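**Q** Need a 3D model of the following:
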Amino acid sequence: MNTKQGVVPGRRRRRYSAEFKAKVVEECRLPGVSMAAVALANGLNANLLRRWAVEHEGLSASATQPAGAPRQEGFIALPVVAKPQPTAAADVRIELRRGAMTVTITWPAQAAGECAAWLCEWLR
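**A** Next comes the predicted model:
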């Protein structure tokens, strides 16, 4: 019987080599690869792999910069792509059915707000 509280008998903390950690982190950097998939494929917890990746980034950044040098962070301008304008606006179409009778109302899309106001007033 185990007298210590919170200790599960037979469980030990796993230890991974630096080479294994670096290999798995590099797999995560491949385009189109998710960190969760890499973790699952290697029998790891995704949170543990994320921590290794952050630590690896810190080590690689410090290896390329001299000690005490400020980190290069800044604004990166991205091009703004305009959304294409629709060529022709579709009409608002309301179809009401009651038994065998059907009433169809077509309203110009440019006046959709007026259509909504009319419909609210009509449904009172």
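**Q** what's the burial count for L96?
**A** Counted by other CB atoms under 10 Å, the residues lying close to L96 total 9. No exception for glycine: its C-beta is placed from N, CA and C like everyone else's.
**Q** tally of neighbours for L48?
**A** Using other CB under 10 Å, L48 has 14 other residues around it.
**Q** Mind telling me what element it is part of?
**A** Following DSSP states H and E, the helix or strand that holds L48 is helix 46-64.
**Q** Next, the buried residues of the helix or strand following that helix.
**A** Remark: after helix 46-64, the chain's next helix or strand is strand 92-98, criterion DSSP H and E. Of the residues in strand 92-98, those scored as buried under the neighbour-count criterion (16 or more other CB atoms under 10 Å) are V92.
**Q** Could you check how far strand 92-98 is from the centre of its chain?
**A** With CA atoms, centre = their mean, to the nearest Å as the basis, strand 92-98 stands 38 Å off its chain's centre.
**Q** low-scoring stretches of this structure, by residue?
**A** The model of the chain has pLDDT under 70 over residues 1-8, 59-72, 85-89.
**Q** quick one: the residue nearest to the spatial centre of it from R14, how far?
**A** Centroid-nearest residue in the chain, with CA atoms, centre = their mean: S34, separated by 11.3 Å. Distance, S34 to R14, using CB to CB, to the nearest Å: 22 Å.
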